[in-house]
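[1] Sequence and computational prediction follow.
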Amino acid sequence: MPTAVLGATGGQGGAVVAALLEAGRAVRAVVRDPGSGRARALAVAGAEVVPGDLFDAASLAEAFRGAEAAFAVTTPFQDGLDAEVAQGAAIVRAAADVALPHLVLASVASADRDTGVPHFETKARTEELLTRSGLPATVVAPTYFYDNALGSREEVAAGLLTMPMPGDVPLQQVARQDLGRVVAAVVADPDRWTGQRVEVAGDDPTPVRMAEEIGRAAGGTVTFHRSSLEDLRTANPDMFAMYSFFVNGGYQVDMAALRTQFPAVPWTSYATWAQAQDWPRPRG
């Protein structure tokens with residue numbers, strides 16, 4: 001039986017599809033548009049591609065039907081925070097409707113700690129709904145993604161990496177590929193992982209080290225610049241809350257224990273990840 005993967009053309013879902021296929025497991029990629037280029041690429045890679053809408057429980061139930069497990073991810077960044085809550089409710093309802101044997105839900109590390117970060121809180125609401133449902137499930141909760149730095153490519157070209165936090169504060173992060181491999185391991189051993197909440201981090205570089213590693217990979221010097229956190233308070237309250245959380249303790253993943261639990265995951269370092277990216281060469 002296949003594992004259904006929601007958001008299969010996105011960052012997290014795509015990494016899960018790749019890891020499952022790498023492990024030799026059957027994959028049912030659930031996408032909004034099966035005719036898109038990314039969806040067709042998944043079919044070429046060996047996945048069964050089916051349509052599904054994160055807001056439509058009936059379409060998700062159809063995609064889940066006959067699957068041994070499903071990986072589900074929600075997002076507030078396209079349609080807003082209320083939409084993410086609606087997505088979570090549709091996913092849980094669909095899994096219940098077909099008596100899905102194992103739901104692996106992507107959340108975020110520390111969502112269960114009352115952080116006050118809006119997009120952490122929406123995921124916490126879905127986690128609570130899932131717990132109340134009594135469904136056989138595992139929550140996989142990644143930290144900050146290495147890939148977020150790719151949004152700074154224009155800055156890197158100018159020799160800068162800018163973040164609204166001190167340069168010497170470690171920030172736990174993870175490669176999407178490693179998250180995918182954790183999910184694949186969870187799917188492969190439901191008896192062990194059902195009922196568990198797994199927080200995922202692979203490295204904890206400071207912003208200064210992030211800049212150094214990106215510069216080394218890009219073939220030039222990249223300098224960290226601390227931008228104003230206060231400027232985000234009204235411009236982007238969600239990001240203001242998130243970076244405030246990072247500054248005041250941040251994620252608390254036990255990375256040593258995680259490595260023991262998932263010994264087959266390579267646990268990509270920030271430096272290794274940075275070397276594999278296509279950066280613009282810093283000017284100057």
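    Nice, thanks for sending it over.
[2] Could you use CA atoms for every contact and neighbour count after this?
    OK.
[3] list the buried ones in stretch 145-157?
    For stretch 145-157, burial by neighbour count (16 or more other C-alpha atoms under 10 Å) applies to 145, 146, 147, 149, 152, 153, 155, 156, 157.
[4] Tell me which stretches of this structure form helices.
    11-22, 37-45, 57-64, 81-97, 118-133, 153-157, 176-188, 190-193, 207-218, 232-235, 237-247, 255-261, 270-275 (DSSP state H).
[5] Check which residues of the first one are buried.
    The one in question is helix 11-22. Burial within helix 11-22, assessed by neighbour count using 16+ other C-alpha under 10 Å, is assigned to 12, 13, 14, 15, 16, 17, 18, 19, 20, 21.
[6] what do you get for the longest one?
    Burial within helix 81-97, assessed by neighbour count using 16+ other C-alpha under 10 Å, is assigned to 81, 83-97.
[7] closest to residue 6 among the residues you listed?
    Ranked by distance to residue 6 (C-alpha to C-alpha), the buried residues of helix 81-97 are led by residue 91 at 9.5 Å.
[8] and the closest one, how far is that from residue 247?
    Counting by C-alpha to C-alpha, to the nearest Å, the gap from residue 91 to residue 247 is 33 Å.
[9] Could you list the low-pLDDT ranges of the stretch 1-150 of the chain?
    77 (pLDDT under 70).
[10] so who does the residue nearest to residue 175 when sequence neighbours are not counted touch?
    In space, and not counting its chain neighbours, residue 175 is closest to residue 146: 5.6 Å by C-alpha to C-alpha, 6 or more residues apart in numbering. Residues counted as contacts of residue 146 (C-alpha atoms under 8 Å, 6 or more residues apart in numbering) are 173, 174, 175, 176, 270, 273.
[11] Would you mind stating the distance between residue 146 and residue 71?
    Residue 146 is 21 Å from residue 71, by C-alpha to C-alpha.
[12] can you check residue 204 too?
    Remark: distance between residue 204 and residue 71 (C-alpha to C-alpha) = 26 Å.
[13] More neighbours: these two, which one.
    For residue 204 versus residue 71, the count of surrounding residues by other C-alpha atoms under 10 Å is larger for residue 71: 30 against 21.
[14] residues touching the more buried one, list them.
    Contact partners of residue 71, counting by C-alpha under 8 Å, 6+ apart, are 3, 4, 5, 6, 13, 16, 103, 104, 105, 106, 183.
[15] so how many other residues sit close to the second one?
    Burial of residue 4 is recorded as 29 neighbouring residues (other C-alpha under 10 Å).
[16] doesn't residue 29 make contact with it?
    Yes: counting by C-alpha atoms under 8 Å, residue 4 touches residue 29, with 5.9 Å between them.
[17] Among the contacts of residue 146, name the buried ones.
    So, by 16+ other C-alpha under 10 Å, the buried ones in the contacts of residue 146 are 173, 174, 175, 176, 270, 273.
[18] In the beta-sheet assignment, what are the partners of the second one?
    Bridge pairing for residue 174 (DSSP bridges) gives the partners residue 145.
[19] Distance-wise, check the residue positioned nearest the centre of the chain relative to residue 195.
    Residue closest to the average C-alpha location in the chain (C-alpha atoms, centre = their mean): residue 12, at 4.8 Å. Using C-alpha to C-alpha, residue 12 is found at 21 Å from residue 195.
[20] next one: residue 165
    Distance, residue 165 to residue 195, using C-alpha to C-alpha: 35 Å.
[21] Show me which of those two is the more surrounded one.
    The neighbour comparison of residue 165 against residue 195 (other C-alpha under 10 Å) goes to residue 165, with 19 against 16.
[22] hang on, isn't residue 42 packed against residue 30?
    No: taking contacts as C-alpha under 8 Å, residue 42 lies outside contact range of residue 30: 10.3 Å.
[23] joint contacts of these two?
    Contacts common to residue 42 and residue 30, judged by C-alpha under 8 Å, 6+ apart, are residue 49.
[24] Out of those two, name the residue with the larger neighbour count.
    Neighbour tally, residue 42 and residue 30, criterion other C-alpha under 10 Å: the higher count belongs to residue 30, 30 against 21.
[25] show me what contacts that one?
    Residue 30 makes contacts with 4, 5, 6, 7, 8, 49, 50, 51, 52, 63, as judged by C-alpha under 8 Å, 6+ apart.
[26] wait, residue 252 sits on residue 112?
    No: checked against C-alpha under 8 Å, the pair residue 252 and residue 112 is beyond contact range at 11.6 Å.
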